[in-house]
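Chemist: Below are the sequence and a predicted model for it; my questions follow.
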Amino acid sequence: MMNNLKLHHIGVATRNIEKEFRTFQKLGYEKCSDIFEDSIQKMRGLFIQADNQPCLELIEGIGENNPVKSHVLKGNKFYHFAYETNNIEKDLEEFVNDKGAKIIVPITSATYFEKICFALLPNMMIVELVQLK
């Protein structure tokens with residue numbers, strides 16, 4: 001099933017996007033998007049890229065009740081792996097039925113992508129499916 005999905009980015013939880021970016025700059029990363037805000041997901045994000053490295057999304061929570069806060073407080077940096085899909089409904093169904101994933105954010109629209117959703121695998125890994133605009 002994963003053969004038809006391409007890794008789009010790895011989400012990195014942070015308290016401060018700009019401060020985090022300065023650290024990644026030292027590793028050769030550059031901004032490949034503007035900072036964007038998604039009030040539905042209660043987060044701000046910035047995509048960064050470096051040669052021969054995976055694309056990263058630096059994620060900063062907005063407000064008290066945001067999904068990033070608990071990861072930052074626990075010291076977890078790597079928040080999720082995001083995969084591109086052409087058919088988010090079908091691929092999410094396969095994650096649930098074939099991989100035993102639990103849906104934690106149903107399919108919804110997003111600021112940066114056409115549609116997104118989040119699933120939790122049995123090993124507690126969070127996977128985001130993204131359908132591009």
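Modeler: Cool, got the structure.
Chemist: what distance separates the start and the end of stretch 9-21?
Modeler: End-to-end distance of stretch 9-21 (CA to CA, to the nearest Å): 15 Å.
Chemist: what's in contact with that stretch?
Modeler: For stretch 9-21, the external contacting residues (CB atoms under 8 Å, 6 or more residues apart in numbering) are 29, 31, 35, 44-48, 54-61, 68, 71-72, 76-82, 126, 128. Yep, even glycine has a C-beta here, placed from its N, CA and C like the rest.
Chemist: could you redo the last one with a cut-off of 6 Å?
Modeler: 46, 54-60, 68, 71-72, 77, 79-82 (CB atoms under 6 Å, 6 or more residues apart in numbering).
Chemist: Select from these the one having the most neighbours.
Modeler: Leu58 (26 neighbours; other CB atoms under 10 Å).
Chemist: wait, isn't it in contact with Leu46?
Modeler: Yes: using CB atoms under 6 Å, Leu58 makes contact with Leu46 at a distance of 4.7 Å.
Chemist: returning to that earlier point: mind listing which of the contacts of stretch 9-21 are in strands?
Modeler: Leu46, Leu56, Glu57, Leu58, Ile59, Glu60, Tyr79, His80, Phe81, Ala82 (DSSP state E).
Chemist: Looking at those residues, which one is closest to Glu114?
Modeler: Ala82 (13.4 Å; CB to CB).
Chemist: Quick one: low-confidence residue ranges for this structure.
Modeler: 1-3 (pLDDT under 70).
Chemist: which residues of it fall in strands?
Modeler: Going by DSSP E, the chain shows strands at 6-14, 30-31, 36-38, 43-49, 56-61, 78-84, 102-109, 115-120, 126-131.
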